[in-house]
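Novice: pasting the sequence and the predicted coordinates here, then a few questions.
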Amino acid sequence: MNATQKRDLAITVLIGVLLWFCPVIPEGVKPEAWHLFAIFAATIVGFILSPMPIGAVAFVGITVAALTKVITVKVAISGFGNGTIWLIICAFLLARGFIKSGLGRRIAFLIIKAIGKSSLTLGYAITLSDLVIAPATPSSTARAGGILYPIIRSLSTALGSEPGETRRKFGAYIMQLEYQANAITCAMFMTAMAGNPLCVELAEKAIGVQITWGSWAMAALVPGVISLIIVPFLLYKIYPPEIKDMPTAKKMAVDELEKMGPMTRMEKIVAVVFVGALALWATSELTKIGATVVGMLAVSVLVLTSVLTWDDVLSEKGAWNTMFWMGALMSLAGALSSSGFIKTVADMAGTAIQAAGMSWLTAFMLLIVIYVYSHYAFASLSAHIGAMYAAFLAVAVSVGTPPLLAALAFGAVSNFMMSLTHYGGGPAPILYGEGFVTQGEWWKIGFIMTTVNLVIWLGIGSMWWKMIGLW
């Protein structure tokens, strides 16, 4: 542990200790609930500062909670047996099948071959590729960095665009485009980003609302598609590439597809499993087969057909790391909710908002805006969700916002706010780190695109949500 990590660890512990021994506890909050909040807050600070890997921070957090008898051991480990946790693990393993088989690359190259005739249409090709792959890849980093980044980096090189003097030829535009598209596709499916199932779980624990895979996808359908249509075109206008025509892109895609040859047995199996999983997820209310069971079935088929070996399963570090930090956070969040802490704080905030004379709709919009732009203080979507989602959701519901509307809206914006900064989400270090886009450009574009998405989702999205009966 270096000096910076030691300092950050000390800050994390200090915040927890100060809160624990705070002489003034809000009225209506029991001392045990306040002590649990102190541990929870310190854990979230640890997520943000990262003195240790996020999984280690979370595990230490629940250990301290059990050691101090704030929660029982049974409660401390309850999150690890949660069905949502295992859904996300299964989705990670399905994503590994996509990458291992090469199906993800094949899909991207087929789309580029079909519509990649100019920089603009190529931008839409990359966007469409991300969208098609998104439901089966819960890691935005794996999708953007593991599948699409090598493709767009190769395209940039082929067009003579490299970091430095030639960056604006094409590379800067396509790197920024993939980041923006990835943020939107994360918002469109429950299984498209690791933090989305956490939103689902927190919504159930905080306000008793159950979100299905289908209800999330339905709510995100219209605003998501509109964002995916507008954002690439808008980016092309405000941050245009110097190269407009793209005669070599199609050839490159054709060459790569020829190298890959016909679809392999492994690719065909992954494709069938992927389509089958989507169908079962989308019809879960009819089939009564839960989303987690569908994910388990998909992984079982991949293992039985040798697409994935058991070593592949064991070596999927992203899945097991997610289980540790998300399971621990669910345990703490569930206990905090059961203690009455969140309800008490939400009621206090709701009373203050109502005293100001705001309607529920005005208060809801204001809370969403504050929630989104506070992401400047976070380097992880999951950390932001863990820190603020349940609290803001509870406040929104306390002032009269329909519960399912609030849960889905906060879940969606928890994704596209990623594009605000060059550290706002997992793909950022990969796409920004190449050096095609300056920090100033990244922040400027990020603010514009996040604001545009916010207007689309709260404007057109609200009308769509009213049409489908969310409010």
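Specialist: Now that the structure is in, tell me what you want to look at. Only a predicted model underlies this, so the values are computations on that prediction, with no experimental measurement involved.
Novice: mind checking how far stretch 290-297 is from the chain centre?
Specialist: 20 Å (CA atoms, centre = their mean, to the nearest Å).
Novice: the nearest residue to residue 302 once chain neighbours are set aside and residue 143, how far apart?
Specialist: Among residues not flanking residue 302 along the chain, residue 308 sits closest, at 4.5 Å (CB to CB, 6 or more residues apart in numbering). Bear in mind the C-beta positions are built from the backbone N, C-alpha and C, glycine included. Distance, residue 308 to residue 143, by CB to CB, to the nearest Å: 18 Å.
Novice: more neighbours: which of these two?
Specialist: residue 143 (30 against 23; other CB atoms under 10 Å).
Novice: check contacts around that one.
Specialist: Listed by CB atoms under 8 Å, 6 or more residues apart in numbering, the contact partners of residue 143 are 95, 130, 133, 134, 137, 182, 185, 192, 427.
Novice: over to residue 429?
Specialist: Contacts of residue 429 (CB under 8 Å, 6+ apart): residue 423.
Novice: what strand or helix carries it?
Specialist: Residue 429 is part of helix 428-433 when elements are defined by DSSP states H and E.
Novice: show me what counts as buried in that helix.
Specialist: 428, 430, 431, 432 (16 or more other CB atoms under 10 Å).
Novice: which one of the residues you listed is nearest residue 393?
Specialist: For the buried residues of helix 428-433, the residue nearest residue 393 by CB to CB is residue 428; the value is 25.6 Å.
Novice: which residues touch the closest residue to residue 335 other than its chain neighbours?
Specialist: The shortest distance from residue 335 to any non-neighbouring residue, by CB to CB, 6+ apart, is to residue 71 (4.9 Å). For residue 71, the contact set (CB under 8 Å, 6+ apart) comprises 36, 62, 65, 331, 332, 335.
Novice: please flag which of the residues you listed sit within helices.
Specialist: Mapping the contacts of residue 71 onto helices (DSSP state H) picks out 36, 62, 65, 331, 332, 335.
Novice: which of those residues are buried?
Specialist: Buried among those (16+ other CB under 10 Å): 36, 62, 65, 331, 332, 335.
Novice: from memory residue 280 sits against residue 296, does it?
Specialist: No - Residue 280 lies out of contact with residue 296 (CB atoms under 8 Å); the separation is 11.2 Å.
Novice: with neighbour numbers in mind, choose between the two.
Specialist: Neighbour count, other CB under 10 Å: between residue 280 and residue 296, residue 280 has more, with 20 against 17.
Novice: can you pull the contacts of the more buried one?
Specialist: By CB under 8 Å, 6+ apart, the contact set of residue 280 is 287, 289, 294, 297.
Novice: part of a strand, is it?
Specialist: No - using DSSP: H, G, I helix; E, B strand; the rest coil, the assignment for residue 280 is helix, not a strand.
Novice: got any ranges where the stretch 1-150 of the chain has weak pLDDT?
Specialist: For the stretch 1-150 of the chain, the stretches with pLDDT under 70 are 84, 146.
Novice: please tell me how far residue 150 sits from residue 315.
Specialist: 20 Å.
Novice: repeat for residue 465
Specialist: 41 Å.
Novice: so which of the two has more stuff around it?
Specialist: The residue with more neighbours, out of residue 465 and residue 315, is residue 465; 22 against 11, by other CB under 10 Å.
Novice: so that one touches residue 471, yeah?
Specialist: Yes - at 6.2 Å, residue 465 counts as touching residue 471 under the criterion of CB under 8 Å.
Novice: which neighbours do those two share?
Specialist: Common contact partners of residue 465 and residue 471 (CB under 8 Å, 6+ apart): residue 405.
Novice: all strands of the chain, in order?
Specialist: Here the chain has no strands by DSSP state E.
Novice: quick one, domains of the chain?
Specialist: The record's domain parsing of the chain by automatic domain parsing lists 1-76+319-339, 77-308+340-467.
Novice: now the end-to-end length of the longest one.
Specialist: The first and final residues of domain 77-308+340-467 sit 41 Å from each other (CA to CA, to the nearest Å).
Novice: what do you get for the first one?
Specialist: From the first residue to the last, domain 1-76+319-339 extends over 35 Å; the measure is CA to CA.
Novice: now swap in stretch 156-176 and tell me
Specialist: For stretch 156-176, the first-to-last residue distance is 13 Å (CA to CA).
Novice: buried set for the longest helix along the chain?
Specialist: Longest helix in the chain by number of residues (criterion: DSSP H): helix 439-467. Under the neighbour-count criterion of 16+ other CB under 10 Å, helix 439-467 has 442-443, 445-446, 448-450, 452-454, 456-458, 461-462, 464-465 buried.
Novice: stretch 204-223 now?
Specialist: Buried positions in stretch 204-223, judged by neighbour count with 16+ other CB under 10 Å: 204-207, 209, 211-220, 222-223.
Novice: how close does residue 328 get to residue 89?
Specialist: Residue 328 is 15 Å from residue 89, by CB to CB.
Novice: and those two? Which one has more around it.
Specialist: residue 328 (27 against 24).
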